[in-house]
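Visitor: fold the following.
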Amino acid sequence: MLQTDDQRFSPFDEAFATLDGVETESEGSTAENDIQPFDPAKINIETRPMTVGQLIARIRDNEASDGREGILLRPDFQRMAGIWKDEAQSRLIESMMIRIPLPVFYLSEDNDFSDLWIVIDGLQRLTTIKRFVVEKTLRLKNLEFWKEFEGKTYDELPRVLQRRIEETQVIVYLVKKGTPDQVKFNIFNRINTGGIPLTTQEIRHALNLGPATALLQELAESEPFLQATDRGVGTLRMADRECVLRFFAFQSKSAYLRETYGMRDYTDYSGRDDLDTFLNQHMKQLNILGKKEPAYLEKMQAQFTRTMQAAYALFGEETFRKPSGSGGRYRVSKALLEVWTVNLDQCTDEDLAQLKARKKTLRKNL
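Guide: I've put the predicted structure just below:
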């Protein structure tokens, strides 16, 4: 989308375009618009009555087990989701102190570690509980009923109120391990009730923790990517990580990777497939590859860096942007990023040298 003063588009699109720094697309903008049908018989959700004290124990287990058990609250995902302010967090704590029931929690068993739970809905509430009871960094603020506890930490509350918080009863709906990934993805879409609709990449991140998420973050923060995009792709909603994922998803794969791990590329995406399903599958495949053959992941990382450097050498600050010709400037185009990176990745060093020698002609003819 061209950034000019008289450009008109919806406030919703404007908000997300500002956050993403990429052109608004008709597909894949936010998760709530991309719900695909699935077989209800494949849904396996267990209902668990629990207490806040049990949730706290599982949060502590996660820290003690190096992330292999308990409830996982990742700081980077919390930052993406937008943390409640202290006032809102304090009101949640006060609700437990005066015995107001909490909404249900939705969590999902991790595919690799069945005793590790991923948060589908309830991230803000669990983060608040962790801050107040486990980390003890939250001081109560702007309480509605118990003003006498203003400024108090968990340790400064009377034991009767500490116990009341810990004994607060909650209902947890747990999506069981073995539920197909696409079903989990759709459940996540339907259930998540955050104030800001999650993007599909944020959901992919939550459901595919592992080498893939670490790789996407590292490359999205790398200087070659930041230079090629002129730091124009937003980070708060993981739009930058989706751009990196798209490169890997559409990139040509070796016969070995296709035969051994089923790694797909642009030749497998005909438009009949749902784009999000295609990206979801590739995220999962990257995780498998990273665990079984990390050397291949390093090779793919080097290819990404080489491609970004080549693109910037050809197009400079206009890399992955449509030519405006009117003094304005378009945002980064995901489509152009896919097309150019896939083609440049297939170029030999000699090919790239010839393109660089003729880059003025190339840019003029676009």
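Visitor: going forward, measure contacts between C-alpha atoms and count neighbours the same way
Guide: Will do.
Visitor: now do residue 189, the pLDDT please.
Guide: We have a pLDDT of 75 for residue 189.
Visitor: how about the strand or helix carrying residue 300: buried residues?
Guide: In this assignment (DSSP states H and E), residue 300 forms part of helix 294-315. Neighbour-count burial for helix 294-315, with 16 or more other CA atoms under 10 Å as criterion, is recorded at 297, 301, 303-315.
Visitor: tell me where the stretch 151-300 of the chain has strands.
Guide: 169-175 (DSSP state E, counting those that start in this stretch).
Visitor: and the buried residues of helix 294-315, which two are furthest apart?
Guide: 297 and 315 (27.1 Å; CA to CA).
Visitor: low-confidence ranges, the stretch 201-350 of the chain, go.
Guide: Within the stretch 201-350 of the chain, the segments meeting pLDDT under 70 span 270-273, 325-328.
Visitor: in it, which spans are helices?
Guide: Secondary structure of the stretch 201-350 of the chain by DSSP state H, counting those that start in this stretch: the helices cover 211-220, 223-228, 239-250, 255-261, 275-292, 294-315, 334-345, 349-357.
Visitor: mind putting those in CSV, distance to residue 321 included?
Guide: Formatted as CSV, the helices of the stretch 201-350 of the chain follow (distance: least, CA to CA, whole Å):
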stretch, distance to residue 321
helix 211-220, 18
helix 223-228, 10
helix 239-250, 13
helix 255-261, 31
helix 275-292, 21
helix 294-315, 9
helix 334-345, 7
helix 349-357, 18
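Visitor: and the buried residues of helix 294-315, which is closest to residue 246?
Guide: Nearest member of the buried residues of helix 294-315 to residue 246, counting by CA to CA, is residue 304, at 11.1 Å.
Visitor: contact partners for that closest one?
Guide: By CA atoms under 8 Å, 6 or more residues apart in numbering, residue 304 lies in contact with 247, 345.
Visitor: residue 65: neighbour count?
Guide: Neighbourhood size, residue 65 [other CA atoms under 10 Å]: 11.
Visitor: one more: residue 62?
Guide: 19.
Visitor: can you classify it as helix, strand or coil?
Guide: Assigned state for residue 62: helix (three-state reduction, DSSP: H, G, I helix; E, B strand; the rest coil).
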